[in-house]
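Visitor: Fold the following and give me the result.
(chains A and B)
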There are 2 protein chains.
Amino acid sequence: MPLLTTAEVRPLVISMGDPDGIGPEIITKAWKQREALNLPPFCVVGNADVFAKFAPCKIITDASDAASHFADHLLLFEVNNPQGGLAALVEATRLTVSGAARGLVTAPIAKSRLYPLGFRWPGQTEYVAEQSGVDTEQAVMMLAGPDLRTVPLTIHIPLAEVPKALTADLIIKRARIVAAALRKDFGVEKPRLVIAGLNPHAGENGSIGKEDSTIITPAVATLQAEGMDVRGPLSADTLFHQAARARYDAALCGYHDQALIPIKTLYFDSGVNVTLGLPIVRTSPDHGTAFDIAGQNIASPAAMISAIKLADDISRRRG
Amino acid sequence: MPLLTTAEVRPLVISMGDPDGIGPEIITKAWKQREALNLPPFCVVGNADVFAKFAPCKIITDASDAASHFADHLLLFEVNNPQGGLAALVEATRLTVSGAARGLVTAPIAKSRLYPLGFRWPGQTEYVAEQSGVDTEQAVMMLAGPDLRTVPLTIHIPLAEVPKALTADLIIKRARIVAAALRKDFGVEKPRLVIAGLNPHAGENGSIGKEDSTIITPAVATLQAEGMDVRGPLSADTLFHQAARARYDAALCGYHDQALIPIKTLYFDSGVNVTLGLPIVRTSPDHGTAFDIAGQNIASPAAMISAIKLADDISRRRG
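Guide: Just a heads-up that it's a prediction; the model follows:
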């Protein structure tokens, strides 16, 4: 751990997420482990009444107050309206974009509750990207576990639309963003990327679908010509076991489940969603609101803790 | 372990697979652990010169000789031709179909080496099914690990063709075969099946693709009306972590990678491929010939050992 720098005095900020979900509970559980886990100072944007029942809270209006009070209080930028989840996202994003906070961690919100409020972005990621001045195409979702990072090249589209949506151009652009982020944010000097095959056995030389040879192979050739350490298309089923994971720094996957199945199979409780390509630092626990177990005090804070630590790491690396 | 019965005196038979692959090595490694692991008697069909360098071999011509010599010798039905892999498959299948062996374990063969020999089946599974008198549609591939069983509903077809190939009729027929096999072969009295969603988040009520609601939901309703314990479509990304795996006995998956990624991510070295719906018992290690590491004595016999044990288990259950 380097000496405390100015950057480290600035806190991280966490938006509480849906107040009826597990967000407030896992944020509070993380705060309670702040000493044991040596967590960096963070403040929360959320409803005071939601958090007061969990922990001693202190309402703040200036992020620079955070570091000196973090040890004793859960520090709260208060939002007071029934749609607190959205208001918290808006304010936490503003605090990060302004530089008052050095990184943003977002707790989960149900999209179905955002849309009726006039929220016009597909999800929190696109909102955060736009607020930080970045085209949403440049904001790349990465799922990160202790020894595996995956990037879905297409996300919330029907499986039938995936083969057409997966273009060489898309692969190339995303791979560049991922490689740059691995260097800048993860301290990987020479990033090693792999591209998962779209078809079974990566198409077996075109005998099981053409996209692997017509789309992925040329994209890999272009990236290799730029000097990138990238391999693919590789058979997706043998890409995620322990020995395979050790051979690359990130796997680019053709579609949602190809990227999410390995991460959630291995790291269901602790996976982190990190948005690459933004000028600000933004992470999120890779799970939903979990309405079914909210309020029972049984939610695991592992993913929230991992998200806080990763936001801290990235922020320190960026300096 | 029940008392020795006549059925148990009959050996299992293992086809050696491609002689240039890791098949002979992992078979021999399994035999060397026969006492430590209490493996049931098995004999091998293969080239004597291939096995002689690994272990003390005894050529046999009658499977009933196996049990009494298994402790001291690797028992070999000899095939002597350069295409030994195919000849071994043919003879091992014959021994099992005839009842001389009580179960068949097949080591891997590269399909690309079978086809030039006039082999007219897509793979070993279809050959074995036909030889045992079963329509290949009735032979269902299941991948089995210690706490996870998955069944791909479509296998070696391009991803783009999956949405059309996945029909309610297919799901219903396969689910019935899987449930019957779980009862008969795995001793699961009341099998619990799950069906993985095809689209991200199982289509989110039709907002991300229609197939989950138009194909899978009606199939599940039909199966439930038959009294089957089946749930789905369930979001595939959250279907394979430890707690989720404990809630079902087999997961039916829409396509190759959806079924294979979780199994190989968790159990790359030990997963077993078992063919359900056959009158004979047939298992196989769930890996390929691994030509790249053959001859180096570094291949893990874990999957071969698991395949032998599972064939033994199933054979005993069938009695």
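Visitor: And for A:G133, the neighbour number?
Guide: 10 (other C-beta atoms under 10 Å in any protein chain shown). Every C-beta, even on glycine, is put in place using the N, C-alpha and C of the backbone.
Visitor: tell me the contacts of the residue nearest to it when sequence neighbours are not counted?
Guide: In space, and not counting its chain neighbours, A:G133 is closest to A:P279: 6.7 Å by C-beta to C-beta, 6 or more residues apart in numbering or on different chains. Going by C-beta atoms under 8 Å, 6 or more residues apart in numbering or on different chains, A:P279 touches A:132-134.
Visitor: Let me know the closest of the residues you listed to chain B.
Guide: Nearest to chain B among the contacts of A:P279, counting by C-beta to the nearest C-beta, is A:V134 at 23.5 Å.
Visitor: List the contacts of the closest residue in space to the closest one that isn't next to it in sequence.
Guide: Setting aside the residues directly before and after it, A:V134 is nearest to A:L278 in space (C-beta to C-beta, 6+ apart), at 5.5 Å. Residues in contact with A:L278 (C-beta under 8 Å, 6+ apart) are A:128-129, A:132, A:134, A:138-139.
Visitor: Helices - which of these land there?
Guide: A:128-129 (DSSP state H).
Visitor: Among the contacts of A:L278, name the buried ones.
Guide: With burial judged by 16 or more other C-beta atoms under 10 Å in any protein chain shown, the buried subset of these is A:128-129, A:132, A:134, A:139.
Visitor: Now render those as CSV, adding distance to A:R34 and pLDDT.
Guide: Shown next, in CSV, are these (distance: C-beta to C-beta, whole Å; pLDDT from 0 to 100):
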residue, distance to A:R34, pLDDT
A:V128, 25, 97
A:A129, 29, 97
A:S132, 27, 97
A:V134, 31, 95
A:A139, 29, 96
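Visitor: Show me which of those residues is closest to A:L117.
Guide: A:V128 (16.6 Å; C-beta to C-beta).
Visitor: what's the spacing between the closest one and chain B?
Guide: 20 Å (C-beta to the nearest C-beta, to the nearest Å).
Visitor: wait, that residue sits on A:I280?
Guide: Yes - using C-beta atoms under 8 Å, A:V128 is in contact with A:I280, at 7.4 Å.
Visitor: hey, what's in contact with both of the two?
Guide: Contacts common to A:V128 and A:I280, judged by C-beta under 8 Å, 6+ apart, are A:L104.
Visitor: measure the residue lying farthest from the centre of chain A to B:I59 for me?
Guide: The C-alpha centroid of chain A is most remote from A:S207, which lies 36.2 Å away (C-alpha atoms, centre = their mean). Distance of A:S207 to B:I59, given as C-beta to C-beta, to the nearest Å: 39 Å.
Visitor: Over to A:N80?
Guide: 85 Å.
Visitor: One more: A:Y115?
Guide: Applying C-beta to C-beta to A:Y115 and B:I59 gives a distance of 73 Å.
Visitor: What sits closest to A:R183 if chain neighbours are left out?
Guide: A:P191 (6.2 Å).
Visitor: wait, isn't the one you found in contact with A:D229?
Guide: Yes - counting by C-beta under 8 Å, A:P191 touches A:D229, with 6.7 Å between them.
Visitor: So between those two, which is more surrounded?
Guide: A:P191 (20 against 14).
Visitor: Kindly state the pLDDT recorded for the closest residue to A:P122 other than its chain neighbours?
Guide: Counting by C-beta to C-beta, 6+ apart, the nearest residue to A:P122 once its immediate chain neighbours are dropped is A:H156, at 7.1 Å. You'll see A:H156 listed with a pLDDT of 91.
Visitor: what about A:H156, how many residues close to it?
Guide: When neighbours are counted by other C-beta under 10 Å, A:H156 comes out with 17.
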